[in-house]
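Undergrad: sequence? don't have it. structure:
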């Protein structure tokens, strides 16, 4: 073997050794990276956001097995008060922190992760598919008490409201009642409970996030405007809110990573829409804490 051949073989051997080391380093680095993210993340609050947060959380922990992530309901008021107290990592809310009494909004950081449309829903036996906004207000303030007064069945109206502290209730009342008090009625703590009761109670009416619509109940149009994502995106449909994830102070690495994941294309372009929410990036308008809507 001549000197040139020996030199070539030597260079090849060194190259292979370096490549092997590179692969080992890359593999080790990858393992260290995946192992680095750990900790406990607890998100509490809005039941309107809960299904999306829970599914996204499950997908997130499937790739980050050392993160213990828990998603619970309880209502927006609970989420805001718990995160303000430092009891949870994330406070989920349908309303701005500025809208809730006792919450110091300037001490919290707002992460908008989706938009949710909300609409009145009725038991299918009422015969109602459309109402005027004025009629809807009169129903929830107790001035209209029978469905026949608005073109439906001769049947008593049974109002199912959300409990005080619910962001869904606050959003609905801000858009429909506009400062007028709702009539006293049965109250439920979650969208899920409302969904079940309205679908099984003759004459029942309430309101739900779009993500809770089923074929077992009737979503109601208002002034012939249908509750759809497209109508929310342009504010043609007025009853909607952002889904907020609030944090206090500087979030730990696991919480920061989860919030970043919530704004990723994987969630915004796929999961959000699949689960009946609207991506914040699809909105043609912006709403502030005072309810003022402006074109983007």
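TA: Arrived safely, thanks for sending. Keep in mind it's a predicted model, so treat the numbers as computed, not measured.
Undergrad: Model confidence score at the residue positioned nearest the centre of the chain, please.
TA: The residue lying closest to the centre of the chain (C-alpha atoms, centre = their mean) is residue 49, at 2.9 Å. For residue 49, the model assigns a pLDDT of 95.
Undergrad: shift numbering so it begins at 133
TA: In the new count, where the first residue is 133, that last one comes out as residue 181.
Undergrad: Quick one: residues contacting it.
TA: 224, 225, 226, 245, 246, 248, 375, 377 (C-beta atoms under 8 Å, 6 or more residues apart in numbering). (Glycine included, C-beta is placed from N, CA and C.)
Undergrad: if we go to 7 Å?
TA: Contact analysis of residue 181 by C-beta atoms under 7 Å, 6 or more residues apart in numbering lists 224, 226, 375.
Undergrad: can you count the residues close to the second one?
TA: Which is residue 226. 28 (other C-beta atoms under 10 Å).
Undergrad: pLDDT at it, what is it?
TA: 94.
Undergrad: Look up how far residue 216 lies from it.
TA: Applying C-beta to C-beta, to the nearest Å, the value for residue 226 to residue 216 is 16 Å.
Undergrad: Check residue 307 too.
TA: Counting by C-beta to C-beta, the gap from residue 307 to residue 216 is 26 Å.
Undergrad: same thing with residue 391?
TA: Using C-beta to C-beta, residue 391 is found at 17 Å from residue 216.
Undergrad: and what of residue 308?
TA: The gap separating residue 308 from residue 216 is 28 Å, by C-beta to C-beta.
Undergrad: Am I right that residue 205 is in a helix?
TA: No: Residue 205: not assigned to a helix; according to DSSP: H, G, I helix; E, B strand; the rest coil it is strand.
Undergrad: Verify the contact between it and residue 175 for me.
TA: No: in this structure residue 205 lies outside contact range of residue 175 using C-beta atoms under 7 Å: 10.0 Å.
Undergrad: Between those two, tell me which one has more neighbours.
TA: Between residue 205 and residue 175, counting by other C-beta under 10 Å, residue 175 is the more crowded of the two (31 against 23).
Undergrad: Shouldn't the more buried one be within a strand?
TA: Yes: counting by three-state DSSP, residue 175 falls inside a strand.
Undergrad: How about the contacts made by it?
TA: 185, 203, 220, 221, 222, 224, 377.
Undergrad: Which of the residues you listed has the largest number of neighbours?
TA: residue 224 (32 neighbours).
Undergrad: I'd like the distance from the helix or strand harbouring that residue to the chain centre, please.
TA: Using DSSP states H and E, residue 224 maps to strand 222-225. Averaging C-alpha positions (C-alpha atoms, centre = their mean, to the nearest Å) puts strand 222-225 10 Å from its chain's average.
Undergrad: which residue ranges form the strands in the stretch 283-428 of the chain?
TA: Along the stretch 283-428 of the chain, counting by DSSP state E, counting those that start in this stretch, strands occupy 290-294, 318-320, 336-341, 350-351, 353-354, 372-380, 417-419, 425-427.
Undergrad: Mind putting the ones you listed into TSV with mean pLDDT and distance to residue 301?
TA: Output for the strands of the stretch 283-428 of the chain, formatted as TSV (pLDDT from 0 to 100; distance: least, C-beta to C-beta, whole Å):
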stretch	mean pLDDT	distance to residue 301
strand 290-294	97	4
strand 318-320	95	9
strand 336-341	96	8
strand 350-351	98	17
strand 353-354	98	17
strand 372-380	97	11
strand 417-419	97	17
strand 425-427	96	20
